[in-house]
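Enquirer: coordinates only, sequence not included:
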């Protein structure tokens, strides 16, 4: 991909996108297909990352947007934006494994930050990342996010979020100033 921004269309997801979005998110994080990219969680989690119900919940929730990115008529990336007062929450971020490493993720993240600033006046973007994902956290740090040291427990026992392969998983809050 010479120009990762070529032909990108950003739009809000609709109910009709749910199955394609689940497929994208699963391909980026779970199973053998995820190993084509670098964002895989296959070594730490099995099972699903999300399901159609979870995606539809985000699409329909007030103060939420599921930003969908198309290229050549295909959904190639997505992210959740949730308005939480002075800050926005960034989640459900996925880029097609075949397109990872070419700069598309940076473009999607910058657009999400721009939209949160412009639509909601958000001054910070918050996200949570599984704390053992050192490479992913380093990628976010290079984009201006900082580790806060604030953690929350992983939902062990709730298979909607996957089946952990280790017992030391927790989420760490990362924050970026959008001013």
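Expert: Arrived safely. Keep in mind that this is a model prediction, so the values were computed, not measured.
Enquirer: I'd like the average pLDDT over the top strand by length along the chain.
Expert: Counting by DSSP state E, the longest strand found in the chain is strand 74-84. On average, the pLDDT along strand 74-84 is 97.
Enquirer: What residues of stretch 145-157 count as buried?
Expert: The neighbour-count check on stretch 145-157 (16 or more other Cβ atoms under 10 Å) flags 145, 154 as buried. Where C-beta positions appear, they are placed from N, C-alpha and C, glycine not excepted.
Enquirer: Oh, that last question was meant for stretch 70-86, not what I typed.
Expert: 70-71, 75-83.
Enquirer: One more: stretch 43-57?
Expert: 44-45, 48-50, 54-56.
Enquirer: How about stretch 172-179?
Expert: Buried, per 16+ other Cβ under 10 Å, within stretch 172-179: 172-176, 178.
Enquirer: repeat for stretch 4-22
Expert: By 16+ other Cβ under 10 Å, the buried positions in stretch 4-22 come out as 4, 8, 13, 17-18, 20-22.
Enquirer: From one end of that stretch to the other, what's the distance?
Expert: Chord length of stretch 4-22, first to last residue, is 22 Å (Cα to Cα, to the nearest Å).
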